[in-house]
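Colleague: Coordinates for the following, if possible.
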Amino acid sequence: MTINPTTKQQRLSLHTPAIGWLRSPWAILISVVLAIYIGTAHKDMAVLLAPLGSFYLGLLKMCVLPILLAAITTSIGRLMRSSDAALYIKRILVVFPVGLVAASGLTVLIATIAGPGRNLSTKTLKSLGVLVNNSGIDLEMTLTGPLPEKASQGMETFLIGLVPDNIFNALSQGDTLKVLMFSIIVGVSLGLIRDRVTEPCFDILEAIYRTFNQLIDWLTIVLPIGLFSLLAYQLSQQGLDVMLSMINFVIAALITSFVIYVFSTLVVWKQSKVSLLKVLAALREPSILALATSSSLACLPSSIAQLSDALNFNRQTVNLVTPLSITICRFGSVIYFALGSVFVMQLYDKPVGLNNILIVIVGSIFAGMATAGVTGILTLTMLGIVLEPLQLPLEAVLVLFIAIDPMMDPLRTLGIVHTGIAATSVIADIENT
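Modeller: Down below sits the predicted model:
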């Protein structure tokens with residue numbers, strides 16, 4: 001689903017300076033510092049704040065499925081109904097899946113070599129185990145060793161589980177992966193029905209998306225308060241050792257982002273057939289915007305302009321493919337989820353077999369696509385799509401990912417925008433001059 005960036009900026013401009021400050025990285029940083037202080041020095045107060053944090057997280061999760069269903073269905077449906085898309089649909093069906101698998105697979109390889117979740121202190125692993133036990137996920141979980149094996153869940157079981165036999169049951173149980181698959185299938189079907197009777201369906205879906213997106217916009221205003229409550233309680237239960245365990249993950253994320261950025265730049269360079277310096281100059285503006293705004297939609301006009309004007313790719317194709325690659329094929333989120341999944345696997349000493357690797361690669365792709373239309377820390381809940389088939393607990397690590405998200409969100413956005421530009425350059429043709 002494509003949202004007019006200008007309209008969004010106009011809506012945000014209505015906020016007062018005080019509300020604007022609450023959205024700034026400084027507010028997040030202050031909330032993290034205060035949470036560390038309260039969680040370590042005043043544990044009783046942190047426990048009292050726990051219901052507030054749980055309430056806030058519940059509100060965020062409430063918005064996931066409506067936004068996911070509306071955004072994915074509408075975006076794919078609009079694409080299928082576009083006459084311009086027919087010329088490039090074969091390229092899209094090849095480039096997008098290959099690019100997603102390559103990005104996810106490369107990330108898994110880097111994470112496996114770097115090992116951000118390996119060799120952590122016994123105290124850290126124990127505190128993670130205690131948190132999982134308190135959440136009621138598995139009362140018999142070993143605190144420092146490998147997770148106990150449950151019923152075998154290979155790749156075949158994972159793929160069969162993608163298709164919902166009852167979509168209403170999937171919605172009521174919050175099964176995000178099945179809802180995502182349902183949205184893709186319905187989007188294709190709606191797009192192929194070229195009849196005016198389907199237009200109200202798109203209007204309803206867009207209204208649902210805008211409604212819940214507005215709710216998310218309001219919830220992000222009080223994000224510092226929600227993060228403070230969640231993090232303070234987790235620290236009161238675990239201490240600072242668990243927070244320090246994320247340093248290795250941050251370093252691994254920086255390395256992974258750099259490698260994929262360089263690779264994507266080389267792809268654009270090869271496809272554009274211009275000098276590398278000209279490519280770097282063209283990519284500079286959308287890259288800076290991605291890091292500064294953490295909004296992939298805000299980078300969309302610049303990305304289209306640089307591809308079509310500076311690098312001379314076919315404008316019509318760029319206008320069609322770039323929004324699709326940024327809103328649906330969210331490479332940055334896929335990369336982040338693959339890295340995060342391997343990190344959690346290493347935390348709990350999960351065996352790295354072929355089945356688990358395939359689940360991480362494929363699951364990260366679906367989880368990344370599921371973030372279409374989702375903003376902020378709400379994207380982190382999608383990590384459960386990958387961890388659930390691996391029988392790993394999201395609850396034990398979610399707040400850790402939330403705490404470092406102010407640093408990771410710009411990197412995710414850069415991955416979404418820059419790698420999306422690279423995918424567009426492979427699909428689009430160069431204009432004849």
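
Colleague: Quick check: V95 touching A428?
Modeller: No - using CB atoms under 8 Å as the test, V95 is too far from A428 to be in contact (10.2 Å). Glycine gets a C-beta too; all of them are placed from N, C-alpha and C.

Colleague: any residues in contact with both of the two?
Modeller: Counting by CB atoms under 8 Å, 6 or more residues apart in numbering, V95 and A428 have no common neighbour.

Colleague: Name the residue in those two with the higher neighbour count.
Modeller: Here V95 and A428 are compared on neighbour count by other CB atoms under 10 Å; more neighbours surround A428, at 26 against 20.

Colleague: Please report phi then psi for that one.
Modeller: With angles defined as degrees, to the nearest 10, A428 sits at phi -80, psi 150.

Colleague: Please tell me how far it sits from V268.
Modeller: 11 Å (CB to CB, to the nearest Å).

Colleague: Apart from its chain neighbours, what residue comes closest to S295?
Modeller: Distances taken as CB to CB, 6 or more residues apart in numbering place T413 nearest to S295, at 6.7 Å, with adjacent residues excluded.

Colleague: Give me the neighbour count for the one you found.
Modeller: That count, for T413 with other CB under 10 Å as the rule, works out to 26.

Colleague: got it, and V321?
Modeller: 30.

Colleague: Now it: which helix or strand?
Modeller: Using DSSP states H and E, V321 sits in helix 315-327.

Colleague: what packs against that helix?
Modeller: helix 64-81, helix 89-114, helix 300-305, helix 405-427 (3 or more CB pairs under 8 Å, 6 or more residues apart in numbering; DSSP states H and E).

Colleague: So which of the ones you listed is nearest E199?
Modeller: Closest approach to E199 among these is made by helix 64-81 (9.9 Å; CB to CB).

Colleague: pLDDT of the closest one, averaged?
Modeller: Average pLDDT, helix 64-81: 76.

Colleague: Could you check the angle that helix makes with helix 89-114?
Modeller: Computed by axes from the mean of the first three to the mean of the last three CA atoms, to 10 degrees, the angle separating helix 64-81 from helix 89-114 equals 140 degrees.

Colleague: ok, now how distant is the residue positioned nearest the centre of the chain from L320?
Modeller: Geometric centre of the chain, nearest residue: S333, 3.5 Å, by CA atoms, centre = their mean. For S333, the distance to L320 (CB to CB) stands at 21 Å.

Colleague: for L60, same thing?
Modeller: Taking CB to CB, one finds L60 at 32 Å from L320.

Colleague: I'd assumed F366 was in contact with the residue nearest to the centre of the chain.
Modeller: No - taking contacts as CB under 8 Å, S333 lies outside contact range of F366: 10.7 Å.

Colleague: ok, now which ones touch D429?
Modeller: 313-314, 317.

Colleague: Could you report the pLDDT at it?
Modeller: For D429, the model assigns a pLDDT of 84.

Colleague: Ok, L106 next?
Modeller: 93.

Colleague: before we move on, what about Y88?
Modeller: Listed pLDDT for Y88 reads 69.

Colleague: go on, L235?
Modeller: 72.

Colleague: circling back to that earlier point, check which residues of the helix holding V321 are buried.
Modeller: By neighbour count on 16 or more other CB atoms under 10 Å, the buried set for helix 315-327 is 317-318, 320-327.

Colleague: So among these, where is pLDDT lowest?
Modeller: Lowest confidence among the buried residues of helix 315-327: L320, with 71.

Colleague: The stretch 201-350 of the chain: helices as residue ranges?
Modeller: Applying DSSP state H, counting those that start in this stretch to the stretch 201-350 of the chain gives helices spanning 223-238, 240-244, 246-272, 276-293, 300-305, 315-327, 331-347.

Colleague: Looking at those helices, which is nearest to N169?
Modeller: Comparing these by CB to CB, helix 331-347 comes nearest, at 25.0 Å.

Colleague: Tell me which other helices or strands that closest one touches.
Modeller: By 3+ CB pairs under 8 Å, 6+ apart, helix 331-347 packs against helix 89-114, helix 246-272, helix 354-369, helix 384-387, helix 395-403, helix 405-427.

Colleague: List the buried residues of the longest one.
Modeller: Of the residues in helix 246-272, those buried by neighbour count under the rule 16+ other CB under 10 Å are 246, 248-249, 252-253, 255-257, 260-261, 264-265, 267-269, 271-272.

Colleague: which helices and strands sit right next to it?
Modeller: Against helix 246-272 (3+ CB pairs under 8 Å, 6+ apart) you get helix 89-114, helix 276-293, helix 331-347, helix 405-427.

Colleague: for it, the distance to its chain's centre please.
Modeller: 16 Å (CA atoms, centre = their mean, to the nearest Å).

Colleague: And for the fourth one?
Modeller: With CA atoms, centre = their mean as the basis, the distance from the averaged C-alpha position of helix 384-387 to the chain average is 12 Å.

Colleague: Please enumerate residues in contact with that helix?
Modeller: 176-177, 180, 337-338, 340-341, 344, 359-360, 363-364, 366-367, 370, 393-394.

Colleague: Equivalent analysis for the third one, please.
Modeller: Helix 354-369 is contacted from outside by 72, 100-101, 104-105, 107-108, 154-155, 158-159, 162, 177, 180-181, 328-338, 341-342, 345, 350, 382-383, 385-386, 389-390, using CB under 8 Å, 6+ apart.

Colleague: So what's the residue count around W26?
Modeller: Applying other CB under 10 Å, we find 12 residues neighbouring W26.

Colleague: Can you classify it by secondary structure?
Modeller: Under DSSP: H, G, I helix; E, B strand; the rest coil, W26 falls in the helix class.

Colleague: got the helices of the stretch 201-350 of the chain as CSV, with distance to L354 columns?
Modeller: Formatted as CSV, the helices of the stretch 201-350 of the chain follow (distance: least, CB to CB, whole Å):
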stretch, distance to L354
helix 223-238, 33
helix 240-244, 30
helix 246-272, 21
helix 276-293, 34
helix 300-305, 36
helix 315-327, 29
helix 331-347, 14
